[in-house]
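Visitor: just the structure for this:
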Amino acid sequence: MNERLAATAPVDIIVGPVARFLRLEAASGIVLLACTAAALAWANSPWAGAYTDLFHHRELTIGLGGVVLAGGSVEWWINDGLMAIFFFVVGLEIKRELAVGELSSVRKAALPLMAALGGMVVPALVFVSLGARGDASRGWGVPMATDIAFALGVLALLGRRVPASLRVFLAALAVADDLGALIVIAVFYSEEIRAGCLLAGIGTAGLMFILGALGVRRWAVYLGLGLVVWYLVLLSGVHATIAGVLAAFAVPVRSRVDAREFLIFSRRTLDDLDATGPCEGSIVTDSRQQSIVQSLEDACDRVQTPLQVFEHALTPWVAFLIVPLFALANAGVSLTGGVPQGEAMRVSGGVGLGLMLGKPAGILLATWVAVRLRLGELPRGVRWMHVVGVGCLGGIGFTMALFIAQLAYRTAPELLVSAKIGILAGSACSAVAGLVLLAAAAARPEGAR
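Guide: Predicted coordinates for the structure are as follows:
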């Protein structure tokens with residue numbers, strides 16, 4: 001049940017269509033796709049210089065008392081600053097799934113974890129097999145990532161023609177994939193590490209965890225300490241976005257009030273509100289009704305966990321602002337330079353083939369092994385053709401792949417361009433292939449495998 005109270009104010013009538021669009025499952029993917037297309041068009045237009053100047057050359061700094069605390073290009077602030085919020089939300093999703101979701105037990109987690117592992121190892125092997133050398137070889141981690149928003153957005157286009165359990169499987173697989181990608185970023189794509197700053201950042205995250213265990217639920221406390229964690233990790237040499245994950249794992253996932261206790265209290269409170277008489281006038285004029293509604297609001301605050309509050313508040317901003325901005329700043333690839341040659345060709349080919357072929361092959365193989373070894377079983381209503389289709393959707397690397405490419409080729413701009421071409425081509429082909437295969441699976445009889 002996902003009903004909402006009717007809105008009658010003129011502003012609600014005006015913004016209603018926009019609000020309904022934003023609630024669509026595929027909406028964030030549509031916005032992301034539009035920003036990607038805009039970036040490509042801008043970078044290949046007569047105004048390409050303005051694109052480069054805005055994102056790569058314009059400097060922004062934050063200081064205090066004449067001391068510069070942090071500074072860099074607009075692209076740097078998006079990739080190292082705003083994307084920390086993206087990774088914070090990713091961390092919240094991972095923690096939720098580990099605590100109460102599809103990764104909360106060995107039995108539940110075995111299949112998506114195995115599928116994610118296969119979907120990371122095989123694409124990396126495909127990249128390495130093309131023989132990239134020197135700086136070019138650093139891109140082996142690029143085709144390992146899955147863009148959960150894009151993948152779920154494409155799956156949502158099929159609506160009820162695919163089993164609901166398939167969406168759960170894809171979401172759990174993508175979350176496990178994100179966890180693996182985060183480990184790869186932290187271990188292989190960090191710069192020279194300053195242990196003191198890193199330990200201070202971990203200690204601050206530990207303080208957040210202790211406060212949560214003590215029952216502190218003020219979101220402002222976690223926000224303030226999370227910013228401290230981000231700055232300390234930034235200074236440490238480990239990529240600053242890892243701070244988002246550290247902070248997310250310290251946010252409490254348990255509520256202060258038992259769900260059944262909340263349900264009993266809410267029913268009693270609503271009965272009290274009903275007993276006050278008809279609610280025909282404004283609640284502003286009835287102090288008893290105000291008091292009852294306020295107590296219900298307080299109860300709602302208590303039953304929600306800080307993790308829920310942060311995820312609910314930040315997910316729309318991440319989906320409709322931060323990730324589209326990231327795409328706008330990073331997907332602007334000039335296509336006028338001709339076909340990549342030599343090492344650049346190996347990079348674009350390794351990334352593209354890793355996403356298009358390595359991802360589905362790895363996910364399918366690992367899932368088959370897990371089922372054969374009885375480590376897990378296919379979700380209800382899911383057939384092997386569905387698994388192949390989901391494997392193709394796993395090849396939509398996009399956001400995470402672009403992010404890892406930025407880290408891998410930070411000092412090699414020409415290789416970064418080739419990696420981006422491979423990501424865009426591989427992700428587009430994977431999306432089309434996944435959509436076609438899943439639509440074909442939906443058209444087959446239920447008994448077919």
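
Visitor: considering only helices and strands, which part of the chain has the lowest mean pLDDT?
Guide: Each helix and strand of the chain was given a mean pLDDT (mean pLDDT, DSSP states H and E); the minimum falls on helix 10-22 at a mean of 47.

Visitor: where does this structure have low pLDDT?
Guide: Across the chain, the ranges flagged by pLDDT under 70 are 1-26, 63-71, 240, 256, 277-286, 337-341, 444-449.

Visitor: how does it divide into domains?
Guide: For the chain, automatic domain parsing gives the domain ranges 26-43+72-254+305-443, 259-302.

Visitor: okay, buried residues for the helix of greatest length in the chain please.
Guide: In the chain, with assignment by DSSP state H, the single longest helix is helix 413-443. Under the neighbour-count criterion of 16 or more other CB atoms under 10 Å, helix 413-443 has 415-431, 433-435, 437-438, 441-442 buried. All C-beta atoms are positioned from the backbone trio N, CA, C, and that covers glycine.

Visitor: show me what that helix packs onto, helices and strands only.
Guide: helix 148-156, helix 342-353, helix 359-372, helix 384-393, helix 398-408 (3 or more CB pairs under 8 Å, 6 or more residues apart in numbering; DSSP states H and E).

Visitor: ok now that helix, how far from the chain's centre?
Guide: Chain-centre distance of helix 413-443: 18 Å, with CA atoms, centre = their mean, to the nearest Å.

Visitor: can you check stretch 157-170 too?
Guide: Worked out by CA atoms, centre = their mean, stretch 157-170 lies 19 Å from the chain centre.

Visitor: buried ones in that stretch?
Guide: Quick answer for stretch 157-170 (16+ other CB under 10 Å): 157-158, 162-163, 166-170.

Visitor: and for stretch 248-261?
Guide: Within stretch 248-261, the residues that qualify as buried are 248-253, 255, counting by 16+ other CB under 10 Å.

Visitor: now do that stretch: everything it contacts.
Guide: Stretch 248-261 has contacts (CB atoms under 8 Å, 6 or more residues apart in numbering) with 87-92, 94-96, 99-100, 205-206, 208-209, 212-213, 215, 217, 222, 299, 302-307, 310.

Visitor: do me a favour and get the end-to-end distance for that stretch?
Guide: Taking CA to CA, to the nearest Å as the measure, stretch 248-261 stretches 27 Å from start to finish.

Visitor: dump the residue contacts of the closest residue to Gly395 other than its chain neighbours.
Guide: Of all residues not flanking Gly395 in the chain, Ser430 sits nearest, at 3.1 Å (CB to CB, 6 or more residues apart in numbering). By CB under 8 Å, 6+ apart, the residues touching Ser430 are 355-356, 359-360, 392-397.

Visitor: how about a cut-off of 7 Å?
Guide: Ser430 makes contacts with 355-356, 359, 392-393, 395-396, as judged by CB atoms under 7 Å, 6 or more residues apart in numbering.

Visitor: tally up the residues packed near the nearest residue to Gly422 once chain neighbours are set aside, please.
Guide: In space, and not counting its chain neighbours, Gly422 is closest to Val351: 3.1 Å by CB to CB, 6+ apart. Other residues near Val351 number 35, with proximity taken as other CB atoms under 10 Å.
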